[in-house]
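*Asks:* sequence-free structure coming up:
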C-alpha cells in the first residue's frame, strides 16, 4: 500500500495547490487509497497462502506436486480448503457447486430446489468452477513465491 500511495503522490504532484500543508494532502491520498483497497477486497476477496493452516498447506503442496490420492489426515484439511475457496464465491455460485458437486445432485434436482432453469444452472456451475480453479491457481502461484 505504501508503494501505491507514493506512486499516486508523485503522479499527482502537479495537482498539489499548496492551499493545505503537504502532510495533509499526502495523508488524504493515503486514506483514500486504503479505503479503495479495502472495498476492493470486500468485493473480490482473496485467499492467501499465509491464511492456510499447516494441514491445508500440505494439501496444496500435494496437489501441486503429484496426482496421488490424499490420506485421511489430508482429507480433513482438503475439506477445510474447499470451504475457504467456496467462501470466495457468491451465494448463488456456492449453492450450485454445493448441490451439484458436494451433494451429488443432478441439474434437474437443482432446478427443483432453486427454481432456476437448466441452462442458468449449467452456466452458473461452469463459471463457479472456473472461479474456484482461478482462486486455487492463485493460491498455488503464491506458494511458489
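*Replies:* Yep, it's here. Because the structure is predicted, anything quoted here is derived from the model rather than measured.
*Asks:* Check what pLDDT residue 122 gets.
*Replies:* Note on residue 122: pLDDT of 92.
*Asks:* which SSE is it in?
*Replies:* helix 118-144 (DSSP states H and E).
*Asks:* Can you list the buried residues in that helix?
*Replies:* 121, 124-125, 128-129, 131-132, 135-136, 139, 142 (16 or more other CB atoms under 10 Å). (Each C-beta comes from the backbone N, C-alpha and C, glycine too.)
*Asks:* looking at it, residue 34 is touching residue 4, isn't it?
*Replies:* No. With contact defined as CB atoms under 8 Å, residue 34 does not count as touching residue 4 (9.1 Å).
*Asks:* residues in contact with the residue of the chain most remote from its centre?
*Replies:* Within the chain, the residue lying farthest from the chain centre (CA atoms, centre = their mean) is residue 19, at 41.4 Å. Neighbour list for residue 19: empty [criterion: CB atoms under 8 Å, 6 or more residues apart in numbering].
*Asks:* go again using 10 Å as the cut-off
*Replies:* By CB atoms under 10 Å, 6 or more residues apart in numbering, residue 19 lies in contact with residue 25.
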